[in-house]
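Colleague: I need the structure of the sequence given here:
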Amino acid sequence: MRRATDRPAGSWRPSDAQLGWIIENRVDEAYLLSWPGQLETWVPVHDTGGYDRARAPMGSYDFRLDQIKGTASLHSGNQVHLSFETPALHPRKNLHFTFVYFDLATRGPADPVWKVPSTELDRVCVRVPGRSDVRWIFSASRSGLARDRAAKHQLTMRELAGSNGWSVRGGWASIAIHGGTATASTELIQANIHVATFVPHPRHFILVQHYDGRAAQWYPWCWLIPSTDFAKLAAGKGAYLLFTTTLNPHRANRWTPYRIPTSDAAKAFQATLKRRNVRPAA
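Modeller: Model (predicted):
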């Protein structure tokens with residue numbers, strides 16, 4: 001039986017699909033390891049043709065979209081050369097193409113990489129003529145002395161996050177919405193939050209809402225809770241923090257101070273942000 005850490009004997013080369021996933025994940029690692037704060041990364045469940053990743057500092061929503069293109073082949077003169085299609089591309093300010101060379105010997109991306117704004121794609125890449133699809137060719141030298149059209153877009157992997165112009169200053173707030181499940185016999189609702197992905201922060205809030213299936217409408221009350229308070233008040237052990245409260249508005253418990261009319265949820269969140277003097281993230 002081969003252990004997961006064992007390397008196969010002889011030459012090693014992943015399939016194109018495997019190489020794509022490896023490169024995309026290694027680029028994510030570069031962002032996470034070089035950025036001083038937490039990052040949010042959004043990954044589509046299928047190839048959009050427009051981007052592979054969306055990233056932002058935690059809570060800022062000032063995201064940058066990224067379409068990642070990689071190759072493990074080099075051409076003469078230490079040239080990276082690859083072709084790709086953009087069937088659903090809509091060039092925009094915050095969408096970039098990141099071109100990566102993957103070194104099979106070291107099993108990792110090699111510097112430099114090239115980060116090209118989608119609005120400048122036609123200045124760096126060449127359209128393949130005589131084709132009905134939108135196909136491009138990217139060609140660049142890995143030399144730091146290169147004067148080709150891609151030269152000004154060269155970066156090292158560790159410079160990728162900094163190249164976005166993100167700021168670690170400024171106010172932000174985020175909200176996580178959870179649905180409560182009801183137990184009709186006891187008039188209780190419960191919401192579970194996984195401990196492994198729960199990070200209490202003064203600017204992060206939990207909103208618990210309940211949909212009344214019998215009435216086919218939202219329950220008229222919901223609960224807006226600072227995540228730091230939630231961490232102190234939530235019961236339960238093990239993998240989940242448990243929110244449990246009554247649907248009877250005349251009965252009080254530790255969650256009652258956070259109860260607000262469901263129709264006022266957005267207004268209450270904005271008022272909370274104003275009191276805390278933070279700028280809403282979205």
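Colleague: and this structure, what are its domains?
Modeller: 16-164, 174-275 (automatic domain parsing).
Colleague: the first one: end-to-end distance?
Modeller: The reference is to domain 16-164. End-to-end distance of domain 16-164 (Cα to Cα, to the nearest Å): 28 Å.
Colleague: likewise for the last one?
Modeller: The distance separating the two terminal residues of domain 174-275, taken as Cα to Cα, comes to 15 Å.
Colleague: in stretch 144-161, what counts as buried?
Modeller: Across stretch 144-161, burial judged by 16 or more other Cβ atoms under 10 Å covers 146, 149-151, 153-155, 157, 160-161. C-beta coordinates here come from the backbone N, C-alpha and C atoms, glycine included.
Colleague: tell me which two of those residues sit farthest apart.
Modeller: Across those, the longest distance by Cβ to Cβ is 24.7 Å; it joins 149 and 161.
Colleague: roughly how far is the helix or strand harbouring residue 18 from the heart of the chain?
Modeller: If you go by DSSP states H and E, residue 18 is part of helix 16-34. Distance of helix 16-34 from its chain centroid, counting by Cα atoms, centre = their mean, to the nearest Å, is 13 Å.
Colleague: let me know the average pLDDT across that helix.
Modeller: Across helix 16-34, pLDDT averages out at 90.
Colleague: next up, phi/psi of residue 123, please.
Modeller: When quoted as degrees, to the nearest 10, the phi and psi of residue 123 stand at phi -90, psi -20.
Colleague: the helices in the stretch 1-150 of the chain, which residues?
Modeller: 16-34, 121-124 (DSSP state H, counting those that start in this stretch).
Colleague: re earlier: enumerate the positions of the helix holding residue 18 that are buried.
Modeller: Buried, per 16+ other Cβ under 10 Å, within helix 16-34: 19-20, 22-24, 26-28, 30-31.
Colleague: give me the below-cutoff pLDDT ranges for the stretch 1-150 of the chain.
Modeller: 1-10, 46-50, 59, 61, 132 (pLDDT under 70).
Colleague: distance of the closest residue to residue 107 other than its chain neighbours relative to residue 104?
Modeller: Excluding its sequence neighbours, the residue lying closest to residue 107 (Cβ to Cβ, 6 or more residues apart in numbering) is residue 12, at 7.3 Å. Taking Cβ to Cβ, to the nearest Å as the measure, residue 12 falls 6 Å from residue 104.
Colleague: which one of the two is surrounded by more residues?
Modeller: residue 104 (13 against 10; other Cβ atoms under 10 Å).
Colleague: what's the local residue count around the closest residue to the more buried one other than its chain neighbours?
Modeller: Nearest residue to residue 104 in three dimensions, chain neighbours excluded: residue 72, at 5.3 Å (Cβ to Cβ, 6+ apart). The local packing of residue 72 (other Cβ under 10 Å) involves 16 other residues.
Colleague: quick check: residue 72 touching residue 102?
Modeller: Yes. With contact defined as Cβ atoms under 8 Å, residue 72 counts as touching residue 102 (4.6 Å).
Colleague: what sits in contact with each of the two?
Modeller: Common contacts of residue 72 and residue 102 (Cβ atoms under 8 Å, 6 or more residues apart in numbering): residue 19.
Colleague: now the strands for the stretch 1-150 of the chain?
Modeller: Counting by DSSP state E, counting those that start in this stretch, one finds strands in the stretch 1-150 of the chain at the ranges 39-42, 53-57, 64-71, 74-75, 79-85, 95-103, 108-117, 126-127, 135-141.
Colleague: for the third one, packing partners?
Modeller: In this case it means strand 64-71. In terms of contacts (3 or more Cβ pairs under 8 Å, 6 or more residues apart in numbering; DSSP states H and E), strand 64-71 is packed against helix 16-34, strand 53-57, strand 79-85, strand 95-103.
Colleague: turn the ones you listed into JSON lines, columns for distance to residue 142.
Modeller: JSON lines is the format used below for the helices and strands packed on strand 64-71 (distance: least, Cβ to Cβ, whole Å):
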{"stretch": "helix 16-34", "distance to residue 142": "16"}
{"stretch": "strand 53-57", "distance to residue 142": "23"}
{"stretch": "strand 79-85", "distance to residue 142": "6"}
{"stretch": "strand 95-103", "distance to residue 142": "7"}
